[in-house]
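Enquirer: Build me a model:
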Amino acid sequence: FADDLATARAASFPALMLSKTESAAQLARVAEVLPPEGYLVALIESARGLANLNEIARAPRVQRLAFGTLDYALDLGMPHTERGLLMPACQIAVASRAAGIASPIAGVTTAIDDEAQLLADFQFARECGYGAKLCIHPKQLGPIIRALTPTQQEIDWARRVMAALQSGQSAVQVDGKMVDRPVMLAAEDILRRAPG
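Expert: Sure thing, here's the model as predicted:
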């Protein structure tokens, strides 16, 4: 570990991911080798890491958390299933939001040639509040980037929402549904992520 830290300091990496993060003290040691603008990603992979989640999420220089689902399931001696991962996945997302850091990064999908499984895993993570995904092979990047890019249907809806809000009416609806502040913010987020 000391050799790794020395290498990271010499290379002046702008960011580091700490695997099996279980405490803010561990992160503090790693943060010492970062350049001034550098940041950390804390990978939660154990029961102890989950138990110290809020402390980890609020640690200095932590930009976001990631969920190492495979090692987490192994640590708890449980199957690697959505049912078993739902509670910790949501806890990680809530801790990230409460700490004011970026949405978490979902764990890997080991099925390199199964795009349907990759996208199903990412959809599960998105439903828990995740905004990114760890990939273990370059062929997984394209599908994940496309999954993060708003569809034309979503963009069209967001434009209708924003147009309705500019109508000057005190209460508006789009597609038969009420538009309030959370809907407006969701539309703005879609337009911010839209290509071009």
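Enquirer: got the contact list for the residue most central in space within the chain?
Expert: In the chain, the residue lying closest to the centroid (C-alpha atoms, centre = their mean) is P104, at 2.4 Å. By C-beta atoms under 8 Å, 6 or more residues apart in numbering, the residues touching P104 are 64-67, 92-93, 96, 129-132. Quick note: C-beta positions are derived from backbone N, CA and C, even for glycine.
Enquirer: hey, where'd the helices end up in the chain?
Expert: 2-11, 24-31, 47-51, 53-57, 69-76, 82-99, 115-128, 141-148, 152-165, 181-193 (DSSP state H).
Enquirer: Check the ones you listed for me and report the most buried one.
Expert: helix 53-57 (a mean of 20; mean count of other C-beta atoms under 10 Å).
Enquirer: elements contacting that helix?
Expert: Other elements packing on helix 53-57 under the criterion 3 or more C-beta pairs under 8 Å, 6 or more residues apart in numbering; DSSP states H and E are helix 24-31, strand 39-44, strand 62-67, helix 82-99.
Enquirer: let's go with 7 Å and repeat that
Expert: helix 24-31, helix 82-99 (3 or more C-beta pairs under 7 Å, 6 or more residues apart in numbering; DSSP states H and E).
Enquirer: Let me see the mean pLDDT of that helix.
Expert: The pLDDT scores in helix 53-57 average 98.
Enquirer: ok, residues contacting it?
Expert: Helix 53-57 is contacted from outside by 21, 23-24, 27, 42, 44, 49, 62, 65, 91-92, 95-96, 99, 101, using C-beta atoms under 7 Å, 6 or more residues apart in numbering.
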